[in-house]
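Output the structure for:
(chains A and B)
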Amino acid sequence: MSRRKRMLEELDQDIRDHIDIETQDNIGRGMSPEEARYAALRKLGNVTRVTEETRAVWSFIWIEQLFQDASCGVRALRKNPGFAIVVVLTLALGIGANTAIFSVVHGVVLAPLPYSEPNRLVMVWESRPHVKTLSTSYPDFMDWQRNARSFEQMAALTSRNYDLTSPGTPQHLDGMEISSGFFSTLGVNLAMGHDFSPSEDMPHGASAVVISDRLWRNRFASSPQALGKSIRLDGAECTIIGVLPPGFRFLVDADVYTSLAQGEPLFYDDRTIHAIVGIARLKPGVSIGQAAGEMSAVQENLDRLYPAVDRNLGTNIVPLKQEIVGDVGGTLLLLLGAVGIVLLIACANVANLLLVRSAARRREFAIRSALGASRARMVRQLLTESVLLAMTGGILGLIVAKLGVRLMFAEFPQSLPRADSIDVNLTVLFFAFGISLVVGIAFGLAPALKSSRADVQGSLKSGDRGSTRAHPRGQSALVMIQMALTLALLVGAGLLLRTIGDLRKVNPGFNTQHVITFKVGLSPSLTQSASSIRIAYQQLLDRIRQIPGVETADFTNIVPLSEEDNGGPFWVGPQESTSMQDAPHALYFETGPDYLQTMEIPLLRGRFFTPADTPDSEPVVVINSVLAHTYFRDRDPVGQTITVAHWHTARVIGVVGSVRHWGLGDPGTYNPSQIYISFYQLSDQWIPAFARALSVAVRTPLDVATIMPAVRNVVYGTGKDQPVYDVRTMQQIVSESMSSQRLPMVLLAVFATLALMLASIGIYGVISYSVTQRVQEIGVRMALGAEKGQIFQMVIGQGLRMAVVGLTIGAAAALILTRLLVSFSHLLYGVGPRDPVTFASVSLVLTGAAVLACYIPARRASRVDPMVALRDE
Amino acid sequence: MSTKEQNERIELLQGTLDLLILRTLRLRPAHGHAVAKAIEFNSDDVLQVEQGSLYPALHRLIKRGWISVEVGTSENNRRAKFYSLTATGRRQLAVETSKWERLAEAIGRILRPPAHEGKS
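Okay, the predicted model is just below:
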């Protein structure tokens, strides 16, 4: 460094000496001293540039200049803090919104699953005609496991709820029944202990449980002594054999994992019961296609071996990530596009501000240029300034992003898969940094190129303030683009808003008002046998019905719109010899007698269940109107018989209205047939399995906070160890069923509002700047007799023209955008992508905003005093 | 105008100024102005070095260790900086010279192909 300093210190002197010698030479050639000196200077060239180039030899000149530019930029911005604040805030919003959405996209779609070599992990489903993903039966799974060669390892799981009653207070836990090898298939090592041993992975073997890190922390204070201790789950003592690493999660937040082989014997033994899901790790180098080919051969073999139950069953292999992310990916990409548009609009605003400012700084740059600054150097100076602004905006944007993501989770806690992996992490930081850099250059480049092309003489002459004509054409083009983009966003938000409105108007087939649902973990002491379970539920419901404010109450195994599933085959009349897979399928509701009244589902014919329908009386079913219409046509179904797989041939006693189970917008293609069975009439062997899944529905005009303490009181009164959980109002369930539309709608609405705001500011800025520029012109017009109203109209008209052009372009863009919206998602319901109402109303909103934005400058223009304006000349 | 003059000059190829400086300093050390004059004089004034560009080039060569600098007295008894070739610089001059000759030869061959080739 010191050598560099020494060398450079003498440089100026060297150059002076050089000029002196050259001057002397020139004088020697007969020039006048003055002439000689000028000739010497000319010959040397630009001294500043020579000095800079020489300095560059000795230093990382660009870093040095960057610091110079940056500190110069900071000074320039501090001179004009209003400008800097507006720009930084605009960018903070734009970059923040983008970073927030990107962090979601990254966490949900881009980040690899948190298992080892996750790309080799797949879900293995069964399928039958018209149903692509079907749970498999455990015996089928065992055959797959034995025969398939494409996989390194296969494991099975089914989700299950547990009631933990010891140690500590009773608690409901989500859990899973798994086959051994589940953790090693995922490539996850236990933090402590071991996976199920063969003796723990068979029916009637030693009861063992692997618990989550969370449960270990909460119940065992992270003590290593927890291994070997026992906990009571659903009344059975289980030994803790392993603890999972922190953060382990597979599909759900499960706290306990028990052996599938020791679970519900019905699931384990019966090839007709499809209740488990297979996961597998592909062997290295084996493609999904190869595995799928092999699996269908394996399944075909089962078809031959068990024609009655497995005929027509296929398999379906889905990459695990696709399974987990589902179709949220499309929605997220859509949102990323939308938020990118917001950023573009923000950039356009900032570029406009910079253009105005650069006009005001023309004199400054003319002087710089006269002093020997090269054009590239000035462009760089300006770019440094804009990147500085963008970076500051980016840093603030990170805060915006962090808050935004938090807010979004508060509003939509359940609507995103993999929510746990969404975070503002290093990748997201890089994204924010990169986007700030790009944005800084993008909005800074055009104004920078323009300013640096300053006409030195013109700008320096005549004390020009440098504020003659800015770049009106560039500016209004930017405003039109803003308007167009804003319109596209507004249309998107508007269509989703209309979709939600239409969905809300859909009649789901029952009354969603004033219904609360919850689940109860009945005390193990009450659930020893099927008959005791029946009695326990009957008594529980009797107590609940007696609570003041409860109108009616009963339970169901699946709550409409909650995504709970319970499908199965049936036959009209006696069971036919056709394969179970070829038989028609229906959605089965196992309910109590008051369920229909509680949900206010209309009874169309016959009767619903009564307490007189018991295991000892004739088996009866109630069917929905779709089933009645499809399979009985003109016959009266009441009095006919239907055979339910795994149960009885039962008498149809009534027909009820159809319920939209799979969503308000569900067209009813999947399992439109619905069959109701009285829970009390179920076979003894099925009672325990179904009892675990029951939800109680209560019709009451009171709200949750008022009624639930009484309910809990009643439930706890029956036994001390009965948790009440999953308390939700039917309205909440309805809202959640629309979350796939609500999330993008709310976000699009937020983005569209932001865009509208920015675009309004943009048009305001341009119009008000143009009014400032035209004060004299306006003064002349008024002096020549123009009315105030005419001036006012002229200014508003100028704004409107821009708005209308923007709207036209925007409408075209919106048509493309909405077609996209339709093509890669089922987001819209009841409203077409070209919905004229939406287009018309958002155009109106945008025009209104434009007029409003022009109002202030227009008024200012109409109040110009011609005397003052002209005297200013 | 000076800009016009610059355009009519034969512009030095990138890096050739370095070579010319080294060549000039091979005989004896010289100060900056003398180097510029010598290049102009030795090329019969065809190559007119924009004298300013001499200084970045000199500093570049110092940094690479091809020339060294020491303070001496010029013809008219003024304190001046004298640049001289180092041993490395001398070797580099040989390398650069032969490189340049090969380049010039190659370009010459392309621009003026032998006559018999032109006829075929």
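
Would you mind naming what in chain A lies close to chain B?
For chain A, the contact set with chain B under C-beta under 8 Å from any C-beta of the partner chain comprises A:7, A:10-11, A:14-15, A:17-18, A:21-22, A:24-25, A:42-47, A:49-50, A:53-54, A:56-58. C-beta here means a position set from N, CA and C on the backbone, and glycine is covered the same way.

In helices only, show me those residues.
Among these, the subset assigned to helices under DSSP state H consists of A:7, A:11, A:14-15, A:17-18, A:21-22, A:24-25, A:42-44, A:47, A:49-50, A:53-54, A:56-58.

May I see the ChimeraX selection of the buried members of those?
Only the buried members of these enter the following ChimeraX selection, criterion being 16 or more other C-beta atoms under 10 Å in any protein chain shown:
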select /A:7,11,14,15,17,18,21,22,43,44,47,49,50,53,54,56,57,58
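
residue boundaries of the strands in chain B?
In chain B, the segments counted as strands under DSSP state E are B:67-73, B:79-85.

list the buried ones in the last one?
Buried residues in strand B:79-85, defined by neighbour count with 16+ other C-beta under 10 Å: B:80-83, B:85.

swap in the first one?
Neighbour counts over strand B:67-73 (16+ other C-beta under 10 Å) mark B:67-69 as buried.

hang on, the earlier thing: which among the strands of chain B is found nearest to A:Val868?
Evaluated with C-beta to C-beta, the strands of chain B place strand B:79-85 nearest to A:Val868, the distance being 64.2 Å.

now the closest one against strand B:67-73, angle please.
Using axes from the mean of the first three to the mean of the last three C-alpha atoms, to 10 degrees, one finds that strand B:79-85 and strand B:67-73 are set 150 degrees apart in direction.

So out of everything in chain B, what residue is nearest chain A?
Closest approach of chain B to chain A (C-beta to the nearest C-beta) occurs at B:Gly52, with a separation of 3.5 Å.

Tell me how many other residues crowd that residue.
Using other C-beta atoms under 10 Å in any protein chain shown, the number of residues around B:Gly52 comes to 22.

can you check A:Asn312 too?
Applying the criterion other C-beta under 10 Å, we find 14 residues in the vicinity of A:Asn312.

and it, which of the three is it?
Reduced to three states with DSSP: H, G, I helix; E, B strand; the rest coil, the structure at A:Asn312 is coil.

Grab the nearest non-local neighbour of it.
For A:Asn312, the nearest residue in space outside its immediate sequence neighbours is A:Gln581; the separation is 4.2 Å by C-beta to C-beta, 6 or more residues apart in numbering or on different chains.

now A:Cys347
A:Phe443 (4.4 Å).

wait, what's in contact with the residue in the stretch 601-750 of chain A that chain B sits nearest to?
Minimum separation of the stretch 601-750 of chain A from chain B (C-beta to the nearest C-beta) falls at A:Leu747, amounting to 54.6 Å. Taking C-beta atoms under 8 Å, 6 or more residues apart in numbering or on different chains as the definition of contact, the neighbours of A:Leu747 are A:101, A:335, A:338-339, A:408.

contacting residues around the residue of chain B closest to chain A?
Residues counted as contacts of B:Gly52 (C-beta under 8 Å, 6+ apart) are A:15, A:44-47, A:49-50.

Let me have the residues you listed in CSV, extended by pLDDT.
Compiled in CSV, the contacts of B:Gly52 are given as follows (pLDDT from 0 to 100):
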residue, pLDDT
A:Ile15, 83
A:Leu44, 81
A:Gly45, 80
A:Asn46, 80
A:Val47, 81
A:Arg49, 80
A:Val50, 81
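
of those, closest to A:Thr136?
Taking C-beta to C-beta as the measure, A:Thr136 sits nearest to A:Arg49 out of those, at 77.2 Å.

Next up, the contacts around the closest one.
Here A:Arg49 is in contact with A:372, A:374, B:52 (criterion: C-beta under 8 Å, 6+ apart).

closest to A:Ala254 among these?
A:Ala254 has its nearest neighbour among those in A:Ser374, at 65.6 Å by C-beta to C-beta.

Counting neighbours, what do you get for the closest one?
A:Ser374 sits with 15 neighbouring residues when counted by other C-beta under 10 Å.

try the one 4 residues further on
By the measure other C-beta under 10 Å, the count of residues near A:Met378 is 21.

Next: A:Thr272.
A:Thr272 has 17 neighbours, counted by other C-beta under 10 Å.

Now the nearest residue to it once chain neighbours are set aside: which helix or strand?
Nearest-residue entry for A:Thr272: A:Val309, 4.8 Å, with adjacent residues in sequence omitted and distances by C-beta to C-beta, 6+ apart. A:Val309 belongs to helix A:307-310 when elements are defined using DSSP states H and E.

next one: A:Arg605
With elements taken from DSSP H and E, the one containing A:Arg605 is strand A:603-606.

I'd guess A:Val831 is in a helix, am I close?
No: secondary structure assignment (three-state DSSP) places A:Val831 in coil, not in a helix.

Now do the same contact list for it.
Under the contact definition (C-beta under 8 Å, 6+ apart), the residues listed for A:Val831 are A:495, A:498-499, A:502, A:838.

ok, 7 Å please
With contacts defined as C-beta atoms under 7 Å, 6 or more residues apart in numbering or on different chains, A:Val831 is in contact with A:495, A:498-499, A:502.

hmm, back to that, am I right that the residue nearest to A:Thr272 is in contact with A:His274?
No: using C-beta atoms under 7 Å, A:Val309 and A:His274 do not qualify as a contacting pair, with a distance of 10.0 Å.

Give me the next element, helix or strand, following the helix or strand bottoming out on mean pLDDT in chain A.
When the helices and strands of chain A are compared on mean pLDDT, DSSP states H and E, helix A:456-460 comes out lowest with a mean of 61. Of the helices and strands lying after helix A:456-460 in sequence (DSSP H and E), the nearest is helix A:472-505.

State the phi and psi torsions of the residue of the stretch 251-400 of chain A found nearest chain B.
With C-beta to the nearest C-beta as the measure, A:Gly372 is the residue of the stretch 251-400 of chain A nearest to chain B, at 11.3 Å. Phi and psi for A:Gly372, reported as degrees, to the nearest 10, are phi 110, psi 10.

residues contacting it?
In this structure, A:Gly372 makes contact with A:46, A:48-49, judged by C-beta under 7 Å, 6+ apart.

Could you list the residues in contact with the helix ranked longest in chain B?
Counting by DSSP H, the longest helix found in chain B is helix B:87-111. Residues from elsewhere that reach helix B:87-111 (C-beta under 7 Å, 6+ apart): B:19, B:22-23, B:26, B:65-67, B:85.

switch the cut-off to 10 Å
In this structure, residues lying in contact with helix B:87-111 by C-beta atoms under 10 Å, 6 or more residues apart in numbering or on different chains are B:13, B:15-16, B:18-23, B:25-26, B:61-62, B:64-68, B:83, B:85-86.

before we move on, the earlier item: so what sits against both of A:Val309 and A:His274?
By C-beta under 10 Å, 6+ apart, A:Val309 and A:His274 have these common neighbours: A:137, A:140, A:580-581.

What residues of stretch A:570-590 count as buried?
Going through stretch A:570-590 with 16+ other C-beta under 10 Å, the ones that come out buried are A:570-572, A:579-581, A:583, A:585-590.

May I see those arranged in a markdown table, with secondary structure and pLDDT as well?
Putting those into a markdown table (DSSP: H, G, I helix; E, B strand; the rest coil; pLDDT from 0 to 100) gives the following:
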| residue | secondary structure | pLDDT |
| --- | --- | --- |
| A:Phe570 | strand | 91 |
| A:Trp571 | strand | 91 |
| A:Val572 | strand | 91 |
| A:Ser579 | coil | 71 |
| A:Met580 | coil | 76 |
| A:Gln581 | coil | 75 |
| A:Ala583 | coil | 84 |
| A:His585 | strand | 88 |
| A:Ala586 | strand | 91 |
| A:Leu587 | strand | 92 |
| A:Tyr588 | strand | 94 |
| A:Phe589 | strand | 95 |
| A:Glu590 | strand | 95 |
